[in-house]
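Novice: Provided below for reference: sequence and predicted model.
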Amino acid sequence: MKHTLSVLVEDESGALSRIAGLFARRGFNIDSLAVGPAETPGQSRLTMVVEGDDHALQQMSKQLDKLVNVLQVLDLTRQPAVERELMLLKVSAPAHQRSSIFDLVQVFRAKVVDVADGALTLEVVGDPGKLVALESLLTPYGIIEIARTGKVALVRASGVNTELLKVSPSGSRIPA
């Protein structure tokens with residue numbers, strides 16, 4: 001199972017290296033990693049996605065907590081959270097196919113950020129599922145290049161789990 005961890009650290013050189021080393025020594029691969037300044041000066045927030053069972057991730061969280069620069073570790077996997085990712089995608093776009101690509105761009109609320117004779121570069125922000133869906137729909141046109149940030153996530157202040165609000169095409173609620 002994939003887990004999303006939010007780690008608050010003191011903003012000091014080597015903190016990221018120590019965290020990545022801890023995961024590597026225990027045989028965990030970090031699938032996604034995003035790091036940036038946190039709300040308090042001198043602190044950074046790391047959001048990482050790692051695969052493992054609940055017990056293994058619980059042990060990793062305890063190990064992370066023991067590192068000197070780590071201030072807080074949260075496993076957001078089962079908590080109501082807002083998750084976003086950014087993707088830049090360059091797709092082949094000959095003149096006769098551009099209108100259908102523009103239609104997809106509108107549906108996914110993506111932006112065209114560069115136009116060339118044979119290609120369009122798109123920017124799309126959303127939950128990781130949205131990015132995968134757009135990539136899948138654009139694959140037949142010919143994807144030239146993709147760059148994705150890691151997932152960033154915060155616990156929802158409202159506590160509302162939007163997964164419980166999703167509705168199936170038949171109108172019934174989809175169980176989480």
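Specialist: Looks like it arrived, so ask away.
Novice: just the strands in the protein please.
Specialist: Ranges of strands in the chain, per DSSP state E, are 2-10, 30-37, 43-51, 70-75, 81-92, 111-115, 119-126, 143-148, 152-155.
Novice: As CSV, those strands with distance to D103 and mean neighbour count would be great.
Specialist: C-beta: built from backbone N, CA, C; applies to glycine. Output for those, formatted as CSV (distance: least, C-beta to C-beta, whole Å; neighbours: other C-beta atoms under 10 Å):
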stretch, distance to D103, mean neighbour count
strand 2-10, 31, 20
strand 30-37, 29, 15
strand 43-51, 31, 20
strand 70-75, 39, 17
strand 81-92, 13, 18
strand 111-115, 12, 12
strand 119-126, 12, 18
strand 143-148, 17, 13
strand 152-155, 28, 18
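Novice: Save these as CSV, and put in mean pLDDT and distance to L137 too.
Specialist: As requested, the strands of the chain are exported to CSV (pLDDT from 0 to 100; distance: least, C-beta to C-beta, whole Å):
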stretch, mean pLDDT, distance to L137
strand 2-10, 95, 23
strand 30-37, 94, 22
strand 43-51, 95, 23
strand 70-75, 95, 32
strand 81-92, 96, 10
strand 111-115, 97, 15
strand 119-126, 97, 11
strand 143-148, 97, 11
strand 152-155, 94, 24
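Novice: possible to save these as TSV with distance to A133?
Specialist: Below are those laid out as TSV (distance: least, C-beta to C-beta, whole Å):
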stretch	distance to A133
strand 2-10	17
strand 30-37	17
strand 43-51	18
strand 70-75	26
strand 81-92	11
strand 111-115	17
strand 119-126	9
strand 143-148	14
strand 152-155	19
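Novice: Cool, thanks, talk later.
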